[in-house]
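Visitor: starting from these lines, generate the structure:
(chains A, B and C, ligands or ions: 2)
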Amino acid sequence: PASAAARPLVAPRRAADEKPIASPAVRRRAWDLGIELQFVPGTGPAGRITQDDLEAFAA
Amino acid sequence: GSADQAFDVVVLGGGPGGYSAAFRAADLGLKVALVERYATLGGVCLNVGCIPSKALLHVAAVMDEASHMADLGVVFGTPTVDIDKLRAHKNKVTGKLTNGLNAMAKMRKVTVLRGVGSLLDAQNLKVEATEGAVGQAKTGAVQTVAFKRLIIAAGSQAVRLPFLPNDPRIVDSTGALEMGVKPERMLIVGGGIIGLEMGTVYSTLGARLDVVEMLPTLMTGADRDLVKVWQKFNAHRFDNIMLNTKTVAAEARPDGIYVTFEGEGAPKEPQRYDLVLQAVGRTPNGKKIAAENAGVIVGDRGFIPVDVQMRTNVPSVFAIGDIVGQPMLAHKAVHEGHVAAEVCAGEILGDDKLKKSQFDARVIPSVAYTDPEVAWVGMTEDEAKAKGIKITKGLFPWTASGRAIANGRDEGFTKLIFDEESHRIIGGGIVGTHAGDMIGEIALAIEMGADAVDIGKTIHPHPTLGESLGMAAEVAHGTCTDVPPVKKK
Amino acid sequence: GSADQAFDVVVLGGGPGGYSAAFRAADLGLKVALVERYATLGGVCLNVGCIPSKALLHVAAVMDEASHMADLGVVFGTPTVDIDKLRAHKNKVTGKLTNGLNAMAKMRKVTVLRGVGSLLDAQNLKVEATEGAVGQAKTGAVQTVAFKRLIIAAGSQAVRLPFLPNDPRIVDSTGALEMGVKPERMLIVGGGIIGLEMGTVYSTLGARLDVVEMLPTLMTGADRDLVKVWQKFNAHRFDNIMLNTKTVAAEARPDGIYVTFEGEGAPKEPQRYDLVLQAVGRTPNGKKIAAENAGVIVGDRGFIPVDVQMRTNVPSVFAIGDIVGQPMLAHKAVHEGHVAAEVCAGEILGDDKLKKSQFDARVIPSVAYTDPEVAWVGMTEDEAKAKGIKITKGLFPWTASGRAIANGRDEGFTKLIFDEESHRIIGGGIVGTHAGDMIGEIALAIEMGADAVDIGKTIHPHPTLGESLGMAAEVAHGTCTDVPPVKKK
Ligand SMILES: Cc1cc2nc3c(=O)[nH]c(=O)nc-3n(C[C@H](O)[C@H](O)[C@H](O)COP(=O)(O)OP(=O)(O)OC[C@H]3O[C@@H](n4cnc5c(N)ncnc54)[C@H](O)[C@@H]3O)c2cc1C
Ligand SMILES: Cc1cc2nc3c(=O)[nH]c(=O)nc-3n(C[C@H](O)[C@H](O)[C@H](O)COP(=O)(O)OP(=O)(O)OC[C@H]3O[C@@H](n4cnc5c(N)ncnc54)[C@H](O)[C@@H]3O)c2cc1C
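Guide: Ligands and ions are numbered 1, 2, ... in the order given. As a prediction, this is how the structure comes out:
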């Protein structure tokens, strides 16, 4: 998590119908925030969107 | 209005979907009514489905296991089976759970209305009171119940083949669970999970089985390699497995039901059976609730279309469970029920967070509670092949599992399927004892976006069947040391 | 040098840690020797530990289950037990696995050297050849084996209480697994997992049990609420559970072993037993391998200190498994073995990635394979309390589990422990049948950093014992509708 913030936020390249990799809790938090995960860069393995990625994107 | 009672939320149908929705809505602070035509809550699942079938399957599994103990040094006499007592046990199990539901409804102040419900419009439901411990006899009393939101959870019922005569020796799963007949020869029409589960019970109690299936395989939906293991282990139960075959006629005679088949596996002559189980699928109850009065769209086959929030085309009406589509499984109904209740509560109470609730589970697991169990979740290998998705597979055979060998049950295997490109897990299957208790870990791994390293580096305890999941991940990753080495190319 | 043979990696000890390290090293392309003093590979775990104990426990579980079937309508006669056949079954199980290891060693071209190994220096091991199907009789032949890297995996052995006389009726777990005595009264010295597992087997076969434990609890390490369920369910097996009590003397007389106790639970008179099982712990073999010749530091109690890469203070020498510390569990040994092998391969082959391998699992699960099983992983409630960590708990009682009720085994529960602040899962425990097969999911959840929503929103199949994990997460989150509502404050 510490290094996640340091990583550059590259715009993710995902297919239009692709469900980004994110855990159920992250997905839920995204609806709460009104954010489309589709556009959130993921720093985890295989571009997995972590809770921190989401909060960073929201901030 | 002219309604007799008014509620925030009315739930139509007291099955797993319905009671979960009603309870969740009540927990969120709403005034809730739950309408159910039968005397007990729990729907198909608790009364004539998931639970009674597993109560019998468990007894069958113990009987089968005991019969194999002689090789291990423990000889039991041939057991005597008291069918009445067995039935009583099954009823006690379901009674315990349905009583529990009643008690929990009371604690939550959910009003349970006994009766047949039908829609009057987008704000009102008609409830015709019913009575009796069994069945749905109408008392004649009718009331109108007003709702701000309605959640339809009226479920499904067994498909009846029209050409089968009315005879106590021809039953659906509900009839089979009653165990009124002790057959020597039994026919299962339909090679799906429900039929094969009931067949397992009857076979252990002494019946010889035939099964007829129109499709080319049994347990359609699961990968062939999983089913093959089950089939080999259970071959001794069957006289005939008729695939690509149709049941076309049946005649009830004093000495049995004579059934005629057509197709690849069909015997020339009609076959005689003591019991015929129809298990050819379930049909949703969408067309039996006057949904049209509220303008709710019902599809041709009786399913009600809904969005990710479980809402029908009418804003005040939601639907969940078997009535909204496949897979017709209790755990799907429960999760959908929670979503519908949350959205209703969000809208009625003005809670923005709840308002946004939606059903977005990536995967819904399936389990055949046969012996061995067959469980699978997410992408199957067959499906990946059909869709041209490149996968990496990790398969751990239970012949290498210390625990499976110690249990004398090493016929199974655990298989994990990873996306070749992203490396994350997209599916998995287990065949073996207790497979159903372990498939949840694969579901969690998929939902979390885990890869083979995540699963393989998670320390699973030794010696368990569950460690086969870690091992399968290691196989996919090439780091497993409990299987022969990978051939170098 | 003057060595008889030279290898990249030599592994000292063929237990789960040792064979896993050797096989992984071979799979990575190294020339490997595995030194083992006994005739079969697999160490304590496969020969006289995990596997044979579970083979017997499984048979005991089936016997206990069958004896409860009468209430369900199935009456088995009292089983006859043929101890010789049961022992043969157990030996067949372990034989299948140890033969498998031999075959896999061959396929991997791992050289297995039969003999007692001891360190000569930081590059050479002395191997004194041994022979015989049982035991470690030296043939007199000695060779020197050179290594680039040594992995010590020499394991541990049972602690012997010095004041207990030498008598065939006083055994350790290895002796108990031989089942040479059929006791009526049995004493278990030490209330840990191993003793209670063996006690379960003997009790089912007819023995009355006493257990004596110096600490205030049985199964120390697990949360009290978990153990309580096991204890209540197993109360019928025990005459005396003596806690805070010491065994101080024992006298072998013709009619039994007379044991004297001191402390809180001590009876006034010495007690007579037909069999006394010593299960007071295991001690590492660190002081028996001449580690000092290579300058390897061995702690006072015989453990060898290592870093996260499993390296000792000597760069060419690694150590893994029971010999490096608690918990003494096979699955820990295996994972450590892989790490050591990878680091060795990385250094020998110059692979930077492998070179960085390290043991960094967050948690290591524990399982008591009693009936019901008790399994736990990560932070316990007791530990959180002691450390002042604020937790949110989700507990799902199996009295609300349809499957547990259908199985007639609803005494258990599933408990998840979340950090109150971060909401992440930090521990969990399960007591109930098949708990050990399901605890891996909690381990995975912890490793993945999951929270209650992640686990609760993962759809677990109904009706399974595994769904109790999803339910417990929902309880923690306040969204479960299969338990009574949370009281509003
Ligand atoms: C033999 C068998 C075994 C099964 N085993 C499993 C299993 O192991 N696991 C699994 O996940 N699924 C299993 N299923 C499927 C499972 O039972 C269903 O998926 C589940 O019950 C669906 O829940 P539901 O709430 O949608 O509907 P239902 O359970 O069908 O409940 C609908 C309820 O609505 C009531 N109702 C209908 N119409 C009206 C009306 N007009 N007025 C008032 N009340 C009405 C019905 O009486 C019923 O109680 C099994 C099914 C069968 C038949
Ligand atoms: C009754 C019992 C039940 C158990 N049940 C479980 C269980 O269910 N789950 C679990 O995880 N753990 C269980 N354990 C513990 C488990 O067996 C150990 O944690 C595990 O075997 C440790 O593996 P290891 O490779 O470190 O050492 P070991 O298995 O102890 O293997 C060490 C090997 O090194 C050999 N060796 C030692 N010194 C020399 C030498 N000088 N030269 C040559 N060879 C040597 C030994 O002969 C032995 O084969 C149980 C233990 C017992 C006793």
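Visitor: which secondary structure element contains the residue lying closest to B:Ala290 once chain neighbours are set aside?
Guide: Counting by Cβ to Cβ, 6 or more residues apart in numbering or on different chains, B:Ala290 lies nearest to B:Ser118, which is 4.0 Å off, once chain neighbours are set aside. For glycine as for every other residue, the C-beta is placed from the backbone atoms N, C-alpha and C. In this structure, B:Ser118 sits in strand B:111-119 according to DSSP states H and E.
Visitor: quick one on the thing from earlier: who does the residue nearest to B:Ala290 form a beta bridge with?
Guide: B:Lys126 (DSSP bridges).
Visitor: report the contact partners of it.
Guide: Contacts of B:Ser118 were listed using Cβ atoms under 8 Å, 6 or more residues apart in numbering or on different chains, and they are B:125-126, B:128, B:289-290, B:293.
Visitor: measure it to B:Ala146 for me?
Guide: 14 Å (Cβ to Cβ, to the nearest Å).
Visitor: same check on B:Glu213?
Guide: The gap separating B:Glu213 from B:Ala146 is 47 Å, by Cβ to Cβ.
Visitor: neighbour-wise, which of these two wins?
Guide: Per other Cβ atoms under 10 Å in any protein chain shown, whichever of B:Glu213 and B:Ala146 has more neighbours is B:Glu213, with 27 against 19.
Visitor: so what's that one closest to, chain neighbours aside?
Guide: B:Gly191 (3.4 Å).
Visitor: can you count the residues close to that neighbour?
Guide: 24.
Visitor: pLDDT score for it?
Guide: Confidence at B:Gly191, expressed as pLDDT, is 98.
Visitor: for it, give me its contacts.
Guide: For B:Gly191, the contacting residues are B:211-213, B:215, B:217-220, B:241, B:243, by Cβ under 8 Å, 6+ apart.
Visitor: at the geometric centre of chain A, which residue do we find?
Guide: Nearest to the geometric centre of chain A sits A:Ile49, at 3.5 Å (Cα atoms, centre = their mean).
Visitor: from what I can see it touches A:Ile21, true?
Guide: Yes - applying Cβ atoms under 8 Å as the test, A:Ile49 and A:Ile21 come out as touching, 6.5 Å apart.
Visitor: is A:Gly42 in a helix, a strand, or coil?
Guide: coil (DSSP: H, G, I helix; E, B strand; the rest coil).
Visitor: list the contacts for it?
Guide: A:Gly42 makes contacts with A:12, A:20-22, A:48-50, A:53, as judged by Cβ under 8 Å, 6+ apart.
Visitor: now do B:Thr80
Guide: C:74-75.
Visitor: hey, what's it bridged with?
Guide: Going by DSSP bridges, B:Thr80 forms beta bridges with C:Val75.
Visitor: and it, what's its pLDDT?
Guide: At B:Thr80, the model reports a pLDDT of 95.
Visitor: contacting residues for residue 49?
Guide: With no chain named, the answer covers chain A. Applying Cβ under 8 Å, 6+ apart to A:Ile49 gives the contacts A:20-22, A:26, A:37, A:40-43.
Visitor: wait, chain B
Guide: Shown in contact with B:Gly49 (Cβ under 8 Å, 6+ apart): B:43, B:173, B:330.
Visitor: out of these, who's the most crowded?
Guide: B:Gly43 leads those on contacts (other Cβ under 10 Å) with 29 neighbours.
Visitor: so how far is B:Gly378 from the residue in chain A that ligand 2 sits nearest to?
Guide: Closest contact between chain A and ligand 2, by Cβ to the nearest ligand atom, is at A:Pro45 (28.7 Å). Distance of A:Pro45 to B:Gly378, computed by Cβ to Cβ: 18 Å.
Visitor: tell me the centre residue of chain B?
Guide: Nearest to the geometric centre of chain B sits B:Leu329, at 4.2 Å (Cα atoms, centre = their mean).
Visitor: hmm, that one is touching B:Ser366, no?
Guide: Yes - taking contacts as Cβ under 8 Å, B:Leu329 lies within contact range of B:Ser366: 7.0 Å.
Visitor: at the contact with chain B, which residues of chain A appear?
Guide: Proximity of chain A to chain B (Cβ under 8 Å from any Cβ of the partner chain) is limited to residues A:19, A:21-24, A:27, A:31-32, A:34, A:44-48.
Visitor: good, we can wrap up now.
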